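Participant: just need the structure, nothing else, for what follows:
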Amino acid sequence: MMRGIYRQKLAKELNNASQAELDAMIAAVDNLLLWITDQLQNKIVTKAYVNLLEVVQQMLDLYNMQATNKGIHMNVLIAENVQVYVDLESLKIVLRNLIYNAIKFCNEGDEITIKASVVAGSDHIEVHVIDTGMGMSPAIIASVLTNDGYSQLGTHNEKGTGLGLQICREYTKVNGSELFVKSKLGQGAEFWFSLPLH
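Facilitator: Okay, here's the model as predicted:
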């Protein structure tokens, strides 16, 4: 289903490309989506206790240059001793995509905050990635929460495929959660998901 949507999306957006270029791009997206699907269906989930702060900091380090170049300030509000019981690679994929998206849609002087707090009365912790960037309209939020693969240019005209948040949605499921979002146009965005402590 997702593959069909992206084939239509590419065909519409790249109508000025040659047929050969279009076929090559569609094939690349098809291959990527097939690979993701295969990885999830055949993935051996390997859970272990990991330090959440250390993992978040590693993911932030990957994008430190991009954030610095755009003049974006990064905040981390996670206690040093928080351990979560997760499939580490799945968690990294989700964090990488959410951090990249936050940077993409922030302007100079904006902030990105990653925080975590225990869900009251449970053995889970919620991880929030919050930015003060351009935000999203209700229509865009609806698209993000479906398989429509919405994509738009970032504040510095960064391009995207529309796949990042779809990948996040799938990989949060590996650790038993869902991806949630709230946002208002011009007022930033907040994405969050939960992780088990045990």
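
Participant: tell me the buried residues in the helix or strand I114 falls within?
Facilitator: Assigned by DSSP states H and E, I114 belongs to strand 111-118. For strand 111-118, a neighbour-count test (16 or more other CB atoms under 10 Å) marks I112, T113, I114, A116 as buried. For the C-beta atoms, the positions are set from N, CA and C on the backbone; glycine is no exception.

Participant: of these, which pair is most distant in space?
Facilitator: I112 and A116 (14.3 Å; CB to CB).

Participant: S117 contacts H124, doesn't it?
Facilitator: No: in this structure, S117 is not within contact of H124 by CB atoms under 8 Å, at 10.3 Å.

Participant: now find how far off-centre stretch 183-194 is within its chain.
Facilitator: 12 Å (CA atoms, centre = their mean, to the nearest Å).

Participant: what does that stretch rub up against?
Facilitator: Stretch 183-194 has contacts (CB atoms under 8 Å, 6 or more residues apart in numbering) with 94, 98, 101-102, 105, 110, 119, 124-137, 141, 168, 172, 175-182.

Participant: that one spans what distance, first to last residue?
Facilitator: Stretch 183-194 has an end-to-end distance of 18 Å (CA to CA, to the nearest Å).

Participant: helices along the chain, start to end?
Facilitator: 2-13, 19-42, 52-62, 64-69, 88-104, 138-144, 164-174 (DSSP state H).

Participant: shaky segments in the chain?
Facilitator: 1-43, 147-151, 153-163 (pLDDT under 70).

Participant: mind doing that once more with 50?
Facilitator: Under the criterion pLDDT under 50, the flagged ranges of the chain are 1-3, 6.

Participant: hey, what's A116 bridged with?
Facilitator: Beta bridges link A116 to V127, judged by DSSP bridges.

Participant: could you measure from it over to N107?
Facilitator: 26 Å (CB to CB, to the nearest Å).

Participant: give me the buried entries from the contacts of stretch 183-194.
Facilitator: Buried members of those, scored by 16+ other CB under 10 Å, are 94, 98, 101-102, 105, 110, 124-136, 141, 168, 172, 175, 177, 179, 181.

Participant: okay, the buried residues of strand 111-118 in a markdown table with distance to V50 next?
Facilitator: As requested, the buried residues of strand 111-118 are exported to a markdown table (distance: CB to CB, whole Å):
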| residue | distance to V50 |
| --- | --- |
| I112 | 21 |
| T113 | 21 |
| I114 | 15 |
| A116 | 13 |
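
Participant: closest to L53 out of the residues you listed?
Facilitator: Closest approach between these and L53, by CB to CB: A116, at 8.3 Å.

Participant: got the contact list for that closest one?
Facilitator: By CB under 8 Å, 6+ apart, A116 lies in contact with L52, L77, I78, A79, V82, I125, E126, V127, H128.

Participant: who touches stretch 88-95?
Facilitator: 45-46, 48, 50, 55-56, 58-59, 84, 127, 129, 167-168, 171-172, 174-175, 179, 193, 195.
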